[in-house]
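*Asks:* starting from these lines, generate the structure:
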Amino acid sequence: MKKIFALTAVFLLFSAIAWADGAQDFVAGLKLRGAGQYREALSYYTRALEDERFILKEYALFEIAETYRDRKENSYAAYTYNQLLKTYHDSALRPRAEARLKPTALIRKKAKPPASRPADEAIWQTGMLFYRQADFESARTVFSQAYKLPAGEETAKCLFWWGKLEERLGRPTEAAGIYYYLAEKFDHTYASYRARERLKALGYTQPQIKRAPDRQEALNADLNRRLLMYQALMDLELIDYAQGEARVITKLTQGLTEESLQVRKLAYPKGYFEKVQKYSRDFSLDPFLTLAVIREESRFRSRALSRSRAHGLMQIIPSTGKILAKRLSIKPYRRSKMYEVDTNLKMGTFYLSDLIRRFDGNVALALAGYNGGPVRIKKLVNNWYNGDMRNLDIDEFIEFIPMRETRYYVQKVLGSYYEYKRLYE
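*Replies:* So this is what the prediction gives:
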């Protein structure tokens with residue numbers, strides 16, 4: 001029986017297709033539109049559509065509509081959006097096109113009264129309240145209630161802390177059973193990865209990754225087409241568009257064999273990997289950790305710019321960039337250099353590696369410092385744990401970080417880091 005995912009063959013086709021004349025015209029159109037040369041951009045997009053080998057026709061059509069919108073030619077824009085919807089019924093661009101055709105969507109809707117708090121959220125908040133008061137037995141009792149209720153967004157966290165409290169109260173066997181259940185039932189969550197680490201620390205075997213049943217069906221033409229489009233969009237650094245295709249591909253492949261892990265890799269790309277490896281090695285950093293930071297910081301957009309003026313792949317703020325440029329002897333240096341892939345990766349990997357060293361090898365603390373500032377994180381460690389970075393409870397520390405953005409950032413990056421290692425190691 002042939003394997004379902006002939007991905008290698010699909011991706012080999014990419015290099016011959018992606019850089020067809022249509023692709024070059026499409027890229028030229030993007031640059032011209034970005035420069036405000038709309039008439040010229042429309043000409044290049046139209047030429048791209050005429051190339052039979054060009055596989056991103058729906059994206060060229062969407063860009064034509066967007067260009068008309070830039071020119072305030074709304075009737076032409078609406079016509080083109082509708083053409084896209086009629087021609088490409090299942091396009092990943094459908095939600096965007098439909099949104100553009102609904103100008104009333106910008107009108108603020110009448111506010112609704114807040115819904116009642118979900119049970120799992122109430123359990124989480126109440127359990128942590130007892131925990132902060134050092135009433136660990138009551139906290140354990142509250143967290144354990146999550147097991148009896150339908151799963152919600154906070155369920156996995158509640159179960160993990162139930163396990164931690166069983167450990168704390170001297171019941172490692174009970175804790176291991178909870179961790180095993182959590183790792184098996186809530187796979188791919190941050191809590192499940194932490195549960196696997198606790199099982200390892202306690203000397204227990206981790207649950208095996210289950211293989212989904214084979215549907216006995218060949219990779220269909222639509223999926224082939226989407227894989228090719230995803231690869232083309234990634235190569236052109238159109239990351240936002242590529243992510244839309246990845247979401248559709250993931251839905252198409254739900255329930256297929258474990259080879260669907262190959263499709264899951266679309267959500268965790270190894271963008272700029274040769275350069276990531278080089279600079280990570282230079283500064284003794286795990287390249288998968290670097291990829292995880294890039295994924296959460298910029299989604300692999302080399303020209304990403306945040307509200308706090310953080311630049312590039314690894315989101316370096318100007319003040320930090322200036323200091324790093326001096327330490328790394330980057331000359332001549334100007335702020336725009338942080339958009340350069342090599343410069344940004346060199347700065348980011350050096351900075352993260354330096355933070356890991358400053359936090360005695362604790363990756364979670366280093367990530368908190370990367371996002372929330374090392375001085376602030378160091379102060380928290382000093383206030384809560386008398387500066388003892390090696391023996392602090394990292395789960396407790398992360399949950400107690402007062403800056404919500406930093407708290408979630410650490411969990412998201414570590415979750416991505418575990419997923420990268422699971423997919424590629």
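*Asks:* show me the shaky parts of the stretch 51-200 of the chain.
*Replies:* The model of the stretch 51-200 of the chain has pLDDT under 70 over residues 103-117.
*Asks:* quick one: the helices in it?
*Replies:* With DSSP state H, counting those that start in this stretch, the ranges of helices along the stretch 51-200 of the chain come out as 57-70, 74-87, 94-100, 119-132, 136-144, 155-168, 172-185, 190-202.
*Asks:* return the most buried member of these.
*Replies:* Of all those, helix 155-168 carries the top mean neighbour count, a mean of 24, counting by mean count of other C-beta atoms under 10 Å. C-beta here means a position set from N, CA and C on the backbone, and glycine is covered the same way.
*Asks:* distance to residue 412 added to the helices of the stretch 51-200 of the chain, as CSV?
*Replies:* Shown next, in CSV, are the helices of the stretch 51-200 of the chain (distance: least, C-beta to C-beta, whole Å):
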stretch, distance to residue 412
helix 57-70, 28
helix 74-87, 33
helix 94-100, 23
helix 119-132, 18
helix 136-144, 22
helix 155-168, 14
helix 172-185, 18
helix 190-202, 8
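*Asks:* to residue 374, which of those lies closest?
*Replies:* Closest of the helices of the stretch 51-200 of the chain to residue 374 is helix 190-202, at 22.7 Å (criterion: C-beta to C-beta).
*Asks:* doesn't residue 228 belong to a strand?
*Replies:* No: counting by DSSP: H, G, I helix; E, B strand; the rest coil, residue 228 falls outside a strand, being helix.
*Asks:* isn't it right up against residue 53?
*Replies:* No: the criterion here is C-beta atoms under 8 Å, and residue 228 misses it with residue 53 at 11.0 Å.
*Asks:* which of these two has more neighbours?
*Replies:* Neighbours were counted for residue 228 and for residue 53 using other C-beta atoms under 10 Å; residue 228 has more, 19 against 12.
*Asks:* can you give me the distance of the more buried one to residue 57?
*Replies:* Remark: distance between residue 228 and residue 57 (C-beta to C-beta, to the nearest Å) = 12 Å.
*Asks:* and for residue 284?
*Replies:* From residue 284 to residue 57 the distance is 46 Å (C-beta to C-beta).
*Asks:* could you tell me the angle between the biggest helix by length in the chain and helix 190-202?
*Replies:* Using DSSP state H to assign secondary structure, the helix with the most residues in the chain is helix 404-424. Orientation of helix 404-424 against helix 190-202 (axes from the mean of the first three to the mean of the last three C-alpha atoms, to 10 degrees) gives an angle of 70 degrees.
*Asks:* contacting residues around helix 404-424?
*Replies:* Applying C-beta atoms under 8 Å, 6 or more residues apart in numbering, the contact partners of helix 404-424 are 188-190, 193, 209, 261, 264-265, 268, 270, 286, 288-289, 291-293, 295-296, 363-364, 367-368, 371-372, 377, 398-399, 401.
*Asks:* which of those count as buried?
*Replies:* Listed as buried from the contacts of helix 404-424 are 189-190, 193, 264-265, 268, 270, 286, 288-289, 291-293, 295-296, 363-364, 367-368, 371-372, 377, 398-399, 401; burial here means 16 or more other C-beta atoms under 10 Å.
*Asks:* low-scoring stretches of the stretch 201-350 of the chain, by residue?
*Replies:* Low-confidence segments of the stretch 201-350 of the chain (pLDDT under 70): 209-221, 253-263.
*Asks:* so where do the helices sit in it?
*Replies:* For the stretch 201-350 of the chain, the helices defined by DSSP H, counting those that start in this stretch cover 221-235, 239-252, 261-264, 273-282, 287-297, 318-327, 341-358.
*Asks:* just those helices: most buried one?
*Replies:* Most buried of the helices of the stretch 201-350 of the chain by mean neighbour count (mean count of other C-beta under 10 Å) is helix 287-297; its value is a mean of 23.
*Asks:* list the contacts of that one.
*Replies:* Against helix 287-297 from outside (C-beta under 8 Å, 6+ apart): 268-273, 276-277, 279-281, 300, 304, 310, 313-315, 345, 348-349, 352, 363, 367, 370, 409, 412-414, 416-417, 419-421, 424-425.
*Asks:* try 6 Å this time
*Replies:* If you take C-beta atoms under 6 Å, 6 or more residues apart in numbering as the criterion, helix 287-297 is touched by 276-277, 280, 300, 313-315, 349, 412-413, 416-417, 420-421.
*Asks:* quick check, nearest of those to residue 246?
*Replies:* Among the contacts of helix 287-297, and counting by C-beta to C-beta, the member closest to residue 246 is residue 300, at 11.6 Å.
*Asks:* that closest one and residue 347: what is the separation?
*Replies:* Residue 300 sits 16 Å away from residue 347, taking C-beta to C-beta as the criterion.
*Asks:* surely residue 165 is in contact with residue 142?
*Replies:* No: checked against C-beta atoms under 6 Å, the pair residue 165 and residue 142 is beyond contact range at 9.6 Å.
*Asks:* residue 390: neighbouring residues, count only.
*Replies:* Neighbours of residue 390 under the rule other C-beta under 10 Å: 9.
*Asks:* just the pLDDT for the nearest residue to it once chain neighbours are set aside.
*Replies:* With sequence-adjacent residues excluded and distances taken as C-beta to C-beta, 6 or more residues apart in numbering, residue 390 is closest to residue 360, at 5.7 Å. Here, the pLDDT recorded for residue 360 equals 94.
*Asks:* how far away is residue 360 from residue 158?
*Replies:* Per C-beta to C-beta, residue 360 is found 30 Å from residue 158.
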